[in-house]
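Engineer: below are the sequence and a predicted model for it; my questions follow.
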Amino acid sequence: MPRPPRLAPIPLSMKGSVYSTVLDRLAACPGETYPLHVGDTYLEPASLCRMEDLAVADHPGMHRYAPPQGLPALVDAVVERLRARTGVPLERANVFVAGGATSGLACVAGAIVAPGDEVAILAPHWPLIEGHVRMAGGVPVDVPFFGAVDSRESAVAAVEAALTPRTVALYVNTPSNPTGHVVPRAWLEGLVDLARRHDLWLLFDEVYEDYVYEGEHVPGLSLAPERSFSVHSCSKAFGMAGNRVGWIAGPAAPIVEALKLSTHTAYAAPTAAQLAALRVLRGPGDAWVERTRAAYASAGAAAAERLGVPRPQGSTFLFLDVAPRLDARGLTGFLEDAADRGLAVAPGPSFGPCPTHVRVCYTSAPPDVVRRGIEVLAALVGR
């Protein structure tokens, strides 16, 4: 028998399931389950901004292709929104609408990372950024940061220590998934100064920009528009994760290249989903965010208090070190014990060098379900 062609090495080097390794075990649990492992929301989008609210009679062509850059009206709305938030005089050429922020960020990585290039990633970090760098042939480099630095000086020193002649970019996620931390302005300004000294691109993942409970969200583009990309998401901002719409902003020349990659993968974000995004930006989106922010802040504070950890400053997550509760089976045993009780939490190693941590999303299920899930976790960690 002839041997089949070999598989490519890049996907073989990437993780498959990053948010849970015990879903089969969870499915076998006979009682109620608590899916706190995935970063999503139990809320539906704002009224009049859902798929059920769109009709062909009102939107002829809504099932056809949209332009690869995005529907012109949505592109204009995004430009207007980002101008207001950043103070940067952006134009259409500085943005494109992507099939979710995930796809957009992957396309940016493909546009600026060459094989062998390194990307410094503030850790713990969103899991999929590692795969984006690897898909471009690059090398992701974890920089211990959240919980490891405590000043502008130590933040800059931590990143500088990780740089090599091959480093081309720095990835910054604030508010942070998974830690819930918000990077202070002074620290960001220090990282921008560092990027300018070393001629680095800056990737600002700001998908939780609307969910800050303590401190201030500082838009990365406002600090260094000439070398920064910002990533934004209808999934996180407006409860539209299933729609797959986000947008990317940055310098015009590399945006052209990133859009080429987006065109050759998704071609364009779903047309109906873009129409819903346009509605939410023009209509009830901001009011929905205000209500939702208050609900998320309350849920995060309650979960943190019950688990005996600091309140989150932003995002929708808590990141717990469960090392004292691990036995000879390690973190795998802890995750299995949780699944046997109906609880799914995300494993720390998916987020970087965090072998004894778990991530909890306190918005992925209705508040009463989350509360019961937190009680299960509290018992597991001895609270």
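Structural biologist: Great, that's in hand.
Engineer: what's the spacing between stretch 334-351 and its chain's center?
Structural biologist: What separates the centre of stretch 334-351 from the centre of its chain is 20 Å, taken as CA atoms, centre = their mean, to the nearest Å.
Engineer: got it, and stretch 52-60?
Structural biologist: On CA atoms, centre = their mean, the centre of stretch 52-60 falls 30 Å from the chain's centre.
Engineer: what's in contact with the helix or strand of the chain with the lowest mean pLDDT?
Structural biologist: Here the helix or strand of the chain ranked lowest by mean pLDDT, DSSP states H and E is helix 23-27, holding a mean of 84. For helix 23-27, the external contacting residues (CB atoms under 8 Å, 6 or more residues apart in numbering) are 17, 20, 33, 35, 336, 339-340, 342-344. Placement of C-beta: from N, CA and C, glycine included.
Engineer: ok, these vs P127, which is closest?
Structural biologist: Top of the list for closeness to P127, among the contacts of helix 23-27 and by CB to CB, is S17 at 10.0 Å.
Engineer: please name the nearest non-neighbouring residue to H181.
Structural biologist: In space, and not counting its chain neighbours, H181 is closest to F146: 5.1 Å by CB to CB, 6 or more residues apart in numbering.
Engineer: need the per-residue pLDDT for that neighbour.
Structural biologist: On pLDDT, F146 comes in at 97.
Engineer: so what's it up against?
Structural biologist: By CB under 8 Å, 6+ apart, F146 lies in contact with 122-124, 176, 179, 181, 319.
Engineer: tell me the secondary structure at it.
Structural biologist: Of the three states, F146 takes coil according to DSSP: H, G, I helix; E, B strand; the rest coil.
Engineer: now the strands for the stretch 1-150 of the chain?
Structural biologist: Secondary structure of the stretch 1-150 of the chain (DSSP state E, counting those that start in this stretch): strands at 34-35, 95-98, 118-123, 139-144.
Engineer: pretty sure G31 contacts L343?
Structural biologist: No - taking contacts as CB atoms under 8 Å, G31 lies outside contact range of L343: 10.6 Å.
Engineer: quick revisit: distance of the residue nearest to H181 from V381?
Structural biologist: Distance of F146 to V381, given as CB to CB, to the nearest Å: 20 Å.
Engineer: let me have the contacts of helix 23-27 in TSV, extended by distance to H232, pLDDT and neighbour count.
Structural biologist: Shown next, in TSV, are those (distance: CB to CB, whole Å; pLDDT from 0 to 100; neighbours: other CB atoms under 10 Å):
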residue	distance to H232	pLDDT	neighbour count
S17	26	76	11
S20	26	73	21
T33	31	94	17
P35	25	95	21
E336	37	94	15
A339	34	95	23
D340	38	94	13
G342	34	96	17
L343	31	96	28
A344	28	96	27
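Engineer: out of these, the closest to D199 would be?
Structural biologist: Of those, the one sitting nearest to D199 (CB to CB) turns out to be S17, at 36.7 Å.
Engineer: list phi and psi for that closest one.
Structural biologist: Backbone torsions of S17, given as degrees, to the nearest 10, read phi -80, psi 120.
Engineer: circling back: dump the contacts of F146 to TSV, plus neighbour count and pLDDT.
Structural biologist: Formatted as TSV, the contacts of F146 follow (neighbours: other CB atoms under 10 Å; pLDDT from 0 to 100):
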residue	neighbour count	pLDDT
L122	30	98
A123	27	98
P124	29	98
S176	28	98
T179	28	98
H181	25	98
F319	24	98
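Engineer: state the pLDDT value of the nearest residue to R166 once chain neighbours are set aside.
Structural biologist: Nearest residue to R166 in three dimensions, chain neighbours excluded: E118, at 4.5 Å (CB to CB, 6+ apart). In this model, E118 is scored at 98, pLDDT.
Engineer: mind listing what the residue nearest to A114 when sequence neighbours are not counted touches?
Structural biologist: With sequence-adjacent residues excluded and distances taken as CB to CB, 6+ apart, A114 is closest to G137, at 6.7 Å. Contact analysis of G137 by CB under 8 Å, 6+ apart lists 10, 113-117.
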